[in-house]
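# Fold the following for me, if possible:
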Amino acid sequence: MALKGTLGDFSLTDILQLIGLQRKTGALILRHREEEISVMFDSGRIVAADSNRRPVEDRVGSLLMRTGKLTEARLDEALKIQKKTLQRLGHVLSHQGWVENEAIRRQLTLQITETLYELFRWKDGEYDFQPRASVEWDQEFITPINCEHLIMEGAQMVDEWPMIEQVISSRTAVLRPTGAAAGVLASAASDTSDVQGSVYEDDIDFGFIADPLASESDDGAPKLTQREVHVLRWVDGSRTAIEIADLTELGAFEGFKTLSRLVEARLIEVVVADDAEGRSTFSRIFLSAAPARVLAAFLGLLVILGTLSAVQELVLSVRPDSLRLPLPVPVASASWVAHASGLDDLRRSSSAVRMTRIEEALKVYAFSRARWPEGLEEVVGEGLLDLYLSGDPWGRDYRYELFSWGYRLSESDAAGPFPAQVREHRFSVLERSLAGF
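As a prediction, this is how the structure comes out:
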């Protein structure tokens, strides 16, 4: 059974259910823009998932180091050994005795599920499943994932993400504890060693289990689960939401979900930009003293005047007869503005349209007056041509010349890098009778 198509025709849930129910073994490749994710199945169960943007093992090594389970020196050494022996990173770390097997297993499983959860957020993409007799996977550190379980978790994530994002809108949002958090942490149990952050830690309660944050203790403080206490301890006012999710080993979905509940319980809050230590130098100067405010106001006035001057030059480059306001002359001249903005090209096209309009007005005048006009002012005077159309977009009058064989209509002079446009019309027998020659 080979499956290939787009996610718009066949959803990810349908694909996973089909592979799971038929207990297929093989590789499922999914592509969306520049990202490609490969998922391996063994007898209908997921045993590996990887992304071309960031391989799972690379991220696992980095997270083990950030959580203090592995030093940078040992990670570098492990990567060198891996390159020589072609062993998986987890086997190298375990064989060297640098990281416990359970920590490796937990990180690998978490990163695989995080990769899979990302697929549920794809709106479109392509998929290609190729069955195989067998697939290679790390049986020592990976526990196969049931497709039905993943679909349920993915559906929950898709439903809850919009609500979570209303509280924490960005992965880089910085969070800090409120005054109430210190009291909660002081009264909470200090033993959180059993909080592993596994994606399978909590059962789906579908709302039948009471929310621990909805109830309060006798002293009015909210009751927290061990997971919430564990996450709260990592909030320090400088770490971002994604950093806390990684350090607590919960992953993006469970980590953000827990953080949002702590925000709603008013135990933590999102740091607004003005409160961050990275406030810009200009903001500090502007808020520091009155002289600095005067300087900022003066600079703002210069910006406004410069903008108005540039706009005026742009208008004058299109309509030279426009009123000039007493504004400072900008560095850029009208001709330079016209050239840089491509106005000469636009005006040349506009001039061609105007010349066509003039020719139409000339014919109407000739057949209605039984003669050809001596000049364009006659056509304008009869109301057959608007006055502004008798001149080109550069503000110059068009040149109209009448001959026995026809007429010539041209621009008065070259326009920038372009030669003057010329229209010559030779009279037909009927038109020549109106020429008066």
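# Surely residue 163 is in a helix?
Yes: assessed with DSSP: H, G, I helix; E, B strand; the rest coil, residue 163 lies in a helix.
# Run a quick neighbour tally on it.
For residue 163, the count of nearby residues is 10 (other CB atoms under 10 Å). Backbone N, C-alpha and C define where each C-beta goes, glycine included.
# With the one 4 residues further on instead?
Around residue 167 sit 16 other residues, with neighbours defined as other CB under 10 Å.
# what's the pLDDT at it?
With respect to pLDDT, residue 167 scores 91.
# What of residue 339?
We have a pLDDT of 54 for residue 339.
# so where's this protein uncertain?
1-2, 54-58, 188-222, 272-293, 295-296, 305, 310, 312-344, 415-417, 435-437 (pLDDT under 70).
# Please name the residues that touch the residue nearest the centre of it.
For the chain, the residue nearest the mean C-alpha position is residue 170 (12.1 Å; CA atoms, centre = their mean). Contact partners of residue 170, counting by CB atoms under 8 Å, 6 or more residues apart in numbering, are residue 241.
# Over to it. Which of the three states is it?
coil.
# Tell me who's in contact with residue 267.
Each residue near residue 267 by CB under 8 Å, 6+ apart is listed here: 177-178, 180-181, 184, 222, 232.
# For it, what are phi and psi?
Torsion angles at residue 267 (phi, psi; degrees, to the nearest 10) stand at phi -100, psi -20.
# Would you mind measuring from the closest residue to it other than its chain neighbours to residue 166?
What sits nearest to residue 267 in space, not counting adjacent residues and going by CB to CB, 6 or more residues apart in numbering, is residue 181, at 4.6 Å. Note on residue 181: its distance to residue 166, by CB to CB, to the nearest Å, is 21 Å.
# Those two: which is more packed in?
residue 181 (19 against 9).
# wait, is residue 253 part of a helix?
Yes: assessed with three-state DSSP, residue 253 lies in a helix.
# Quick check: it touching residue 158?
No: under the criterion of CB atoms under 8 Å, residue 253 is not in contact with residue 158, lying 10.0 Å apart.
# and these two? which has more neighbours close in?
Taking other CB under 10 Å, residue 253 and residue 158 do not tie; residue 253 has more neighbours (23 against 14).
# Return the residues in contact with the more buried one.
Counting by CB under 8 Å, 6+ apart, residue 253 touches 114, 117, 157, 160-161, 164.
# tell me which element residue 401 falls in.
strand 399-402 (DSSP states H and E).
# what sits up against the next helix or strand after that strand?
Counting by DSSP H and E, the element after strand 399-402 in chain order, helix or strand, is strand 406-410. With contacts defined as CB under 8 Å, 6+ apart, strand 406-410 is touched by 355, 358-359, 362, 372, 398-401, 420-427, 431.
# Check stretch 107-120 too.
Contacts to stretch 107-120, defined as CB under 8 Å, 6+ apart, come from residues 12, 30, 37, 39, 46, 48-51, 56, 59-60, 63-64, 90, 138, 141-143, 145, 150, 153-155, 157-158, 197-199, 249, 251-253.
# Could I get the buried residue list for that stretch?
Across stretch 107-120, burial judged by 16 or more other CB atoms under 10 Å covers 107-120.
# try stretch 130-140
Residues of stretch 130-140 classed as buried: 137-138 (neighbour count, 16+ other CB under 10 Å).
# One more: stretch 62-70?
In stretch 62-70, counting by 16+ other CB under 10 Å, buried: 62-65, 69-70.
# Look at that stretch and report the distance between its end residues.
For stretch 62-70, the first-to-last residue distance is 9 Å (CA to CA, to the nearest Å).
# which residues sit against that stretch?
Under CB under 8 Å, 6+ apart, the answer for stretch 62-70 is 61, 71-72, 75, 78, 93, 98-100, 103-104, 107, 111, 246-247, 249.
# Just the ones in helices from those, please.
Residues of the contacts of stretch 62-70 located in helices (DSSP state H): 61, 72, 75, 78, 93, 103-104, 107, 111, 246-247.
# Break this protein into its domains for me.
3-159, 168-275, 285-331, 343-432 (automatic domain parsing).
# a strand runs through residue 176, doesn't it?
Yes: under three-state DSSP, residue 176 falls within a strand.
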